[in-house]
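Trainee: Starting from these lines, generate the structure:
(one chain, ligands or ions: 2)
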Amino acid sequence: MSYDSAKAAFADWGVDTETALSKLAEIPISMHCWQGDDVVGFEAKTGNSGGGIQATGNHPGRARTPDELRADLEFSYSMIPGKHRLNLHACYLDTDQNPDRDEIEYSHFAPWVDWATDQGLGLDFNPTFFAHEKADDNLTLSHPDQGIREFWIEHGKRSRDIAAQMGAALGSPVVNNIWVPDGYKDTPVDRMEPRQRLENSLDTMMATKHDKAQMLDAVESKLFGIGVEACTVGSHEFYMGYATRKGTLLCLDMGHFHPTENVADKLSSVALSVDEILLHVSRPMRWDSDHVILLDDAILQMAQELVSAGLLDRTHIGLDFFDATISRTAAWVIGTRNMQKALLRALLAPWDRLKSAENNLDYTSRLVVTEEIKDLPYATVWAEFCDRMGVPSGQSLISDLHQYQAGVSGRG
Ligand SMILES: C[C@H](O)[C@H](O)[C@@H](O)C(=O)CO
Ligand SMILES: [Mn+2]
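Mentor: Ligands and ions are numbered 1, 2, ... in the order given. Alright, predicted model coming up:
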């Protein structure tokens, strides 16, 4: 089918494909650096703690250096339509020095900023509260030992400074997302004190106010992780309350809730209490397994909520998955494109008609419309978008992905 025919098919439903394509082109997705190297990072390892997260698989081609990671990212972005962002973790520093987490400075990340400037990308940032000997108890900002708390508070403060400097250099606010793995394997007898300690540590860490044009604080909750099955200190209720009272962004990771919860349903509720939201779009399978996102119902509903509720302007869309059983660059490309495809479908829905049917309690019409529009030629509009943005779609994408993977498979 030609694009003009597809455009006419959508116009029949009162939808303008050109408006949808213009909007889609303006939605940045923050791609996570850690898909490229299985969350290993570039510092000398000092601890065993994985933070309860785990990349599994041994597909060849893992990036071992910042240069390899940047090459993989450049290829991946060239397969993704539009201009996007890179979400960096503090353990991905690029320096010959070996600073501990409480010694990191902007200079250790300056090569990333130079590269991002060159590539026209925005950056986001995360302090790394895992994979370190001082996190081996699965307690960091809520640790009963004040010295350990202070170590991590210093790391968090420095991360915020670095993020703010990145934002100033790039002219685009850097979201600095705080996730700590803190929790207990078995049922704790005291849940209150750890949560008070976490709150106090966060307050100290974020005491310095930064210009929101440079840096935005976000906090990420979790249900459980490996080794902290009984209690996570930074639960959803903890951070929902914290973000609401303190004015930070709230990060919703789709893998951090009970498997039957609909994370898309949370957006409108959360948006009534916090100004801005950060998403970690992920695909949990039985647990927080961080599979590559598919164009499945969970993602489609997420995109529908963002568009229908008018939340695109105050939601930062980040990704969080890491699969080491497939080509890592293909994982980035497939996952990011799926997020965009979901957004495109949501942008192509006849929302006025659907909302009007719902408000008139005409659920029959609502159901007919939602089901009939599933047959519209979304693929043709997507192919047009890719074409205009100079990236492949369909079978040529497959050969490009395979060709790049073949070139990196020999990495040791
Ligand atoms: C590496 C990330 O910080 C991590 O995935 C975090 O966002 C998370 O979701 C932990 O489960
Ligand atoms: Mn996450």
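Trainee: For Q304, grab the count of nearby residues.
Mentor: A count of nearby residues for Q304, using other C-beta atoms under 10 Å, gives 22. No exception for glycine: its C-beta is placed from N, CA and C like everyone else's.
Trainee: tell me which element it is part of?
Mentor: helix 297-308 (DSSP states H and E).
Trainee: Could you pull out the buried residues of that helix?
Mentor: A298, I299, L300, Q301, M302, A303, Q304, E305, L306, V307, S308 (16 or more other C-beta atoms under 10 Å).
Trainee: Next: stretch 127-144.
Mentor: Neighbour count says stretch 127-144 has 127-132, 134-135, 138-143 buried, by 16+ other C-beta under 10 Å.
Trainee: How is M31 assigned, secondary-structure-wise?
Mentor: strand (DSSP: H, G, I helix; E, B strand; the rest coil).
Trainee: Tell me how many other residues surround it.
Mentor: 24.
Trainee: For A164, which residues are in contact?
Mentor: V174, N176, H210, D211, Q214, M215 (C-beta atoms under 8 Å, 6 or more residues apart in numbering).
Trainee: sorry, back to before: near ligand 2 at all, the helix or strand just after the helix holding Q304?
Mentor: Following helix 297-308 in sequence order, the next helix or strand is strand 315-319 (DSSP H and E). No. Judged by C-beta under 5 Å from the ion, strand 315-319 stays clear of ligand 2, getting no closer than 7.8 Å.
Trainee: Run the chain-centre distance for strand 315-319.
Mentor: Offset of strand 315-319 from its chain centre (C-alpha atoms, centre = their mean, to the nearest Å): 5 Å.
Trainee: what angle sits between that strand and helix 297-308?
Mentor: 160 degrees (axes from the mean of the first three to the mean of the last three C-alpha atoms, to 10 degrees).
Trainee: tell me which strands and helices strand 315-319 is in contact with?
Mentor: strand 29-32, strand 174-178, strand 277-281, helix 328-347 (3 or more C-beta pairs under 8 Å, 6 or more residues apart in numbering; DSSP states H and E).
Trainee: strands paired with it, and their directions?
Mentor: In the sheet, strand 315-319 lines up against strand 29-32 (parallel), strand 277-281 (parallel) (DSSP bridges).
Trainee: okay if I get those as TSV plus mean pLDDT?
Mentor: TSV is the format used below for these (pLDDT from 0 to 100):
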stretch	mean pLDDT
strand 29-32	98
strand 277-281	98
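Trainee: what mean pLDDT does stretch 352-365 have?
Mentor: Averaging pLDDT along stretch 352-365 yields 98.
Trainee: The helix holding Q304 vs helix 328-347, what angle?
Mentor: Going by the same axes, to 10 degrees, helix 297-308 makes 50 degrees with helix 328-347.
Trainee: Contacts for helix 297-308, please.
Mentor: Identification of contacts with helix 297-308 by C-beta under 8 Å, 6+ apart yields 254, 262-265, 267-268, 279, 281, 283, 293, 311-312, 315, 317, 338-339, 342-343, 345-347, 349, 351, 355.
Trainee: ok, of those residues, which come out buried?
Mentor: 254, 263-264, 267, 279, 281, 283, 293, 311-312, 315, 317, 338-339, 342-343, 345-347, 349, 351.
Trainee: returning to what we had before: now the two most distant members of the contacts of A164.
Mentor: Longest distance between any two of the contacts of A164 is 12.7 Å, between N176 and D211; criterion C-beta to C-beta.
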